[in-house]
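Novice: what follows is a predicted structure for the sequence shown.
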Amino acid sequence: MADPITQDQLVKQSQAFIDEYLKLTDYKDKVEQRLEQLKAKVAKFSEQTNYKMFRSGNHLLKIYQSQRTAFPKANDPDRKTVEQIMRESKELDQAITFDIVKLGRSFDKGKLPKDLMQKLEPYSKKENSVRLSMREVKK
């Protein structure tokens with residue numbers, strides 16, 4: 001059993017946890033933003049040079065670029081319309097969670113009935129997708 005702590009110790013420790021958590025989440029957000037900026041630079045450089053792989057020392061960076069279909073995100077008012085179209089189509093089993101990302105993949109691969117794709121088309125948009133893959137290679 002843990003030793004009891006005073007109210008003052010609890011407040012100080014709670015504040016230390018919260019301060020550290022806030023600093024780390026802020027740092028994480030900044031790092032993620034910088035990574036997205038770097039990803040965009042790498043993608044642009046890849047397009048300009050027509051290279052899909054870069055090597056530095058024993059590391060290999062692969063660049064995958066494509067377009068994918070994206071449907072409205074959860075906070076977009078059109079999201080409800082897309083969900084309703086899917087429910088009415090009988091292509092969405094009510095026991096399965098509505099997965100907008102999987103819907104986009106199915107749309108891109110033409111796995112949905114043509115009439116359903118026509119209903120969904122006005123709510124879709126093309127987004128560029130860039131994926132980077134890094135691995136260590138033997139010299």
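Specialist: Nice, I can see it.
Novice: the lowest-mean-pLDDT helix or strand in the chain pairs with which strands, and in what direction?
Specialist: In the chain, the helix or strand scored least confidently by mean pLDDT, DSSP states H and E is strand 125-136, which has a mean of 78. Paired neighbours of strand 125-136 in the sheet (DSSP bridges): strand 59-70 (antiparallel).
Novice: secondary structure class for residue 73?
Specialist: Secondary structure state of residue 73, per DSSP: H, G, I helix; E, B strand; the rest coil, is coil.
Novice: next up, the contacts around the closest residue to it other than its chain neighbours.
Specialist: In space, and not counting its chain neighbours, residue 73 is closest to residue 79: 6.7 Å by CB to CB, 6 or more residues apart in numbering. In short, each C-beta sits where N, CA and C put it, glycine included. By CB atoms under 8 Å, 6 or more residues apart in numbering, the residues touching residue 79 are 71, 72, 73, 100.
Novice: which entry within the residues you listed corresponds to the minimum pLDDT?
Specialist: Lowest pLDDT of the contacts of residue 79: residue 100, 80.
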